[in-house]
Every structure is written in C-alpha cells, then in structure tokens.
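Trainee: Sequence and predicted model, in that order:
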Amino acid sequence: MKTSVLVVGGGLAGTSAALFLAWRGVDVTLVEKHPGSSPHPRAIGFTARTGEMLRAVGLEAGLPASRMAKGFGIRRVRCASLVGERFEETFWSPPGEVSEIEYSPSTGVGVAQDRMEPLLRDKARELGADIRMSTRMLEFAQDDDGVTAIVQGDGEPYEIRAGYLVAADGHRSPVREHLGITRSGRGYMHTSRSVLFRAPLDEYLKDGIGQFIVDGVGFLTTYGDGRWVLMLDDREYDEPELRQKILQAIGRDDLPVEIVTTGRWTISAAVADRFSQGRVFLAGDAAHTLPPSRGGFGANVGIEDAHNLAWKLAAVLNGESRPSLLDTYDAERRPVATLCHQQIFARNDGHNRDGEPEDVPLIDNNAMHYGVLYRSDAVLGAGPELPPAQLPEQWNGQPGTRAPHVWIEPGKSTLDLFQRGWVLVADHPQWEEAAQQAGVRYERIERLDVFGLSAKGASLVRPDGYVAWRSADLPDDPAAALETAFSSSSAGTR
Ligand SMILES: Cc1cc2nc3c(=O)[nH]c(=O)nc-3n(C[C@H](O)[C@H](O)[C@H](O)COP(=O)(O)OP(=O)(O)OC[C@H]3O[C@@H](n4cnc5c(N)ncnc54)[C@H](O)[C@@H]3O)c2cc1C
C-alpha cells in the first residue's frame, strides 16, 4: 500500500502527528504495535500551548482544565503523609513568576494520558488518518524518492511505501537506533516503580497542592479522576506490600483502596543529535527524553514537534514549498528540546533525587511554553543575539516567536486567524494589495501594537502561528518586500 506519510508509534507524539497531518489534508498512515493505550497513564499536565494546538483542530471544547491552569499545579509539598503533617513547599518555578497576563485563549488541560490518546486518535480518524493498532513496523529502508517499511498486524507482514516517515516510537526508538543517531544529555538517572490506585481522596486536594513527597514512602500525585499514583523505589513489591505503602502514604487505613495496575519507569534525559535523516523525522520521546520530575515538558514538547513538522510536510507534499523547508524542523525543534533539557535541571524536583538544581538562569514557565524562539531559514530576522526564550510581552511579535494572543472579538483570539495557510496581519490597503499579489491571506486587525508594528506595519505569520517576518512600517514597495519575504521563509516553489 502507499501513503504520503507513515507515522510509527501511536503515543501522544505519533497520534498528534497523524491528527495534525490529517487536519491539513495529508494522506497519513499510523502503525502502533499495541492494541490501545496503556492502562497506566504517564502524563496528566498539558500546557495551554498544547490547548491552543488542540483548539485549532476543534478538540479543545470539553477537555477539563488542568490544576496548573488554575495556578497551583506547580505546588508540591514534603509531608509525613497525605493527611499528616506538611513540611516545606517546593515549586517548579518560583511562585512570584506566576503571571496575571492572559497569554492564551486556551487553558492547560488536565486529562490522563490513557484518556487523551483515544481523543486524539478518534479525531485523527474522523479527519481521515488511517490508524492501524496492533501493527508493528518490522523494518524500513529509505531511498531518494521515499521510504519502504515492512509492517505486521494480525496476518502476514506487508509493505507500506511512503513519501516520509515520522518516527514517534518512544524513548528507545528503534528507528533512531537503526539510523545510528546519537544522543546527548544527562542520560540514565534512575528507575522507579509505581502503583496506580483508586481512592476517595479529593478532599485533600482542596488547598491546591497536587503533589506530595511523602517521607520514607515516595511521591504521590493524582490524575484528577479518582486515580492516584504512588512512585516507589525500584524493587519487587507484592500486593499486600503495595497496599501497605499506599495506606502509609495516605496516613489513613479506613478508606477503600482499589489497586488498578503497576508500572516500572526508566527516568532519563537525552536529546537526539539530529532530528532528521533524509526522509525520516524523529518526534516526541524518540527525539528527546525529558524526565517528568521537573517541569513536565515531555509530552507537550513532543506534541509541538508534531505540530511544527505537520505543516512543513503538508507544504512540501502539495508542492508549495521546496523540500529544504523540512530542514527547518531540526533547526527549530532541536534547540527547544535542548533548552528544555537545560531548564529541567535548573528546576527543583522537590527532593532533588538526581542532584541539586543546576546553576543556570531559570527561565519562567510562561516563557518556556509561549515564548521560545525559532531561528531557521523559515524565519527572517531572528538573530543569534536574541535569547532562546522570554515572555510574550518581552518579544512583542518578534519573528521566530508564536504570534501573540489578544481577543479581537468575544471568543475570537488573534490565534484563531492562523493555522490555515500563510497570513499577513496589517491594517493598510497597500498591504492588502500586496497580500493578494503574493497569494497570502490578509487579516486586518487593529491591535498591531501587540505584533510590535506601527499602524502601517505588517507581520507575516506561518501556518503554525509563528511569525516569519515583519515590517514595522510601510516600505517603498510593500508588494516586493512581502514577495521576497514569503518566498524565502516558505521555501516557495513559485
Ligand atoms: C511517570 C511519568 C509521568 C509523566 N508525566 C508527564 C506530564 O505530566 N507532562 C508531560 O508533558 N510529560 C509527562 N511525561 C512524559 C510523557 O509521558 C512522554 O514524553 C510521552 O508520553 C512520550 O510520548 P511519545 O508518543 O513520544 O512516546 P511513547 O508514548 O513512548 O509512544 C511510542 C509508541 O511507539 C510504539 N512503537 C515503538 N516501536 C514501534 C514499532 N516498531 N512499530 C509500531 N509501534 C511502535 C510504542 O508501542 C509506543 O506506543 C511523563 C512520563 C512518565 C514516565
């Protein structure tokens, strides 16, 4: 069979890739070796930035807001037990940096991974993605024109011929290993066991602390749906012992506790030294394994990889852009992953199990979520002197950053103007004419100040909602200026 893009791996990154590609009308096939999502969730905290990407594909409505969205999910406490004495509180970021500014039309999302993955999968299927569960990729080879993979479901192995391959096959990534792509970073840190259980403990969440480091037991947190997870040292535990650990962590033995399942987790930190090779692109944990204990970047960064890659693959596959656009995936996403790796170790994990925080400047969470800077050929004017991330109000619409959010009418954000194709934001008839000539959609908005523009300026926004270029004022020949900027940043074929 033939497909434009073959995605290997049906976790959060792979399923997001299938979703974003299908939403852009790309013929995409995903293979996942398991029949469904693991009954033991890992991620729970999805940032508002992830919420924005889901909003664009019509998935945001109905998702519950995360505790982080309410401003206290970043709080942890060391305690004798859940009901017992509480000692010092720790934060992923200093609490003074929690901002009053509304950065996004979206809120963070608090859905356990085993519920989030099916939502993404169903939406991807609805949009036309061919998702094959219980199907393993056995081997692949690439040539100048495409990738040939051998996959196997219930029956005999068969061949899939694809234009491109997205390897979202997890932190051990057989695809990355096969390509011989090395990784850099701290590497292996520790192994943890976990027990997932159900217990009526919501009353202990009322004061806004969601994570508990229980002295002498382990790390206790909740998936917000009646399920809790207790992380323990790595050794064998039988069921009575697990139950005893849970009751010790709670500090009460009069509550019904149902053990759901257990897990064993390798916690490591590593970033691939290249995110692509030929027609193969790494995404998610295959590209960067970021420990969840400080910052909670892992899944969110993986979903944004998929988002960054999807519009580029779509543009190259439909002939609008030259394949060189795909080189900007590594150029843009690898530095973000490396920055996350650095910032994880600048943060406190509450008990500093893997060492004290590193002495590097701490970048605010809002800067990490909304304010990373892309430098690549798909951005004009993001010089090396600029910082890798800062708050949206500090950027003020700088090319290479996510276009700023303001409400343009009730319920409609500036961000809702983007995602479908290239957009020129301005408020001047000469720019409107220039946009028509360049074949770029024109959006007239009044709040040009948030884009760092005068009343005669314009910003060119990419299909992922990042600013590619801006002209703070009206140049002599706006049409020529826009044409040059558009054809350069989009690697245009015209
Ligand atoms: C305890 C824990 C808590 C976490 N909490 C958070 C959090 O709150 N927020 C956050 O952002 N991140 C969190 N993370 C990190 C997050 O879970 C991961 O970053 C994310 O799940 C990675 O998704 P992925 O799709 O890249 O990889 P995976 O989820 O590992 O998916 C890879 C998939 O590829 C499949 N696969 C592999 N090889 C093949 C093959 N040959 N053929 C077919 N299929 C194949 C596998 O079966 C697997 O389903 C947490 C991690 C842990 C361990």
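Mentor: Looks like it came in fine.
Trainee: switch to C-alpha atoms for all contacts and neighbour counts from now on
Mentor: Noted.
Trainee: Let's see the helix or strand of the chain with the lowest mean pLDDT as CSV, backbone CA atoms only.
Mentor: Between all helices and strands in the chain, the lowest mean by mean pLDDT, DSSP states H and E belongs to strand 86-91, at a mean of 83. In CSV, the C-alpha atoms belonging to strand 86-91 read as follows (Å, rounded to 0.1, in the frame of the first residue of the first chain):
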residue,chain,number,x,y,z
ARG,A,86,3.1,19.1,55.9
PHE,A,87,6.6,20.5,55.8
GLU,A,88,8.2,22.8,53.2
GLU,A,89,6.6,23.5,49.8
THR,A,90,8.6,23.4,46.6
PHE,A,91,7.9,24.9,43.2
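Trainee: That one pairs with which strands?
Mentor: In the sheet, strand 86-91 lines up against strand 75-79 (antiparallel) (DSSP bridges).
Trainee: quick check: mean pLDDT across the partner strand?
Mentor: Averaged across strand 75-79, pLDDT comes to 87.
Trainee: ok, now stretch 149-167?
Mentor: For stretch 149-167, the per-residue pLDDT averages 98.
Trainee: how far does the least confident helix or strand of the chain sit from the chain's center?
Mentor: Taking the mean of its C-alpha atoms, strand 86-91 sits 28 Å from the chain's own mean (CA atoms, centre = their mean, to the nearest Å).
Trainee: So which residues make contact with that strand?
Mentor: 74-80, 348-350 (CA atoms under 8 Å, 6 or more residues apart in numbering).
Trainee: Could I get the residues you listed in CSV, plus columns for distance to Val175?
Mentor: Below are the contacts of strand 86-91 laid out as CSV (distance: CA to CA, whole Å):
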residue, distance to Val175
Ile74, 35
Arg75, 37
Arg76, 37
Val77, 40
Arg78, 40
Cys79, 43
Ala80, 45
Asn348, 33
Asp349, 31
Gly350, 35
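Trainee: sec struct for Ala337, please.
Mentor: On the three-state scheme (DSSP: H, G, I helix; E, B strand; the rest coil), Ala337 is labelled helix.
Trainee: close enough to count as contact, it and Val301?
Mentor: Yes: if you go by CA atoms under 8 Å, Ala337 and Val301 touch, sitting 7.3 Å apart.
Trainee: So which bits of the stretch 251-400 of the chain are right by the ligand?
Mentor: 265, 284-286, 292, 296-300, 302 (CA under 6 Å from any ligand atom).
Trainee: what's around the residue of the stretch 351-494 of the chain found nearest the ligand, how many residues?
Mentor: When scored by CA to the nearest ligand atom, the stretch 351-494 of the chain has His369 as its residue closest to the ligand, at 11.1 Å. By the criterion of other CA atoms under 10 Å, His369 has 21 neighbours.
Trainee: that's a strand at it, yeah?
Mentor: No: counting by three-state DSSP, His369 falls outside a strand, being helix.
Trainee: Could you save the contacts of strand 86-91 as CSV and add columns showing neighbour count?
Mentor: CSV is the format used below for the contacts of strand 86-91 (neighbours: other CA atoms under 10 Å):
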residue, neighbour count
Ile74, 24
Arg75, 21
Arg76, 24
Val77, 20
Arg78, 20
Cys79, 19
Ala80, 20
Asn348, 22
Asp349, 22
Gly350, 22
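Trainee: Can you tell me which of these is closest to the ligand?
Mentor: Ile74 (10.9 Å).
Trainee: for stretch 230-243, which positions count as buried?
Mentor: 230-232, 242-243 (16 or more other CA atoms under 10 Å).
Trainee: next one: stretch 115-124
Mentor: For stretch 115-124, by 16+ other CA under 10 Å, it's 116-118, 120-121, 123-124.
Trainee: same thing with stretch 358-374?
Mentor: By neighbour count with 16+ other CA under 10 Å, stretch 358-374 contains the buried residues 362-374.
Trainee: Next: stretch 475-482.
Mentor: So, applying 16+ other CA under 10 Å, buried residues of stretch 475-482: 478-479, 482.
Trainee: Out of those, list just those in helices.
Mentor: The helices, defined by DSSP state H, take in 478-479, 482 from the buried residues of stretch 475-482.
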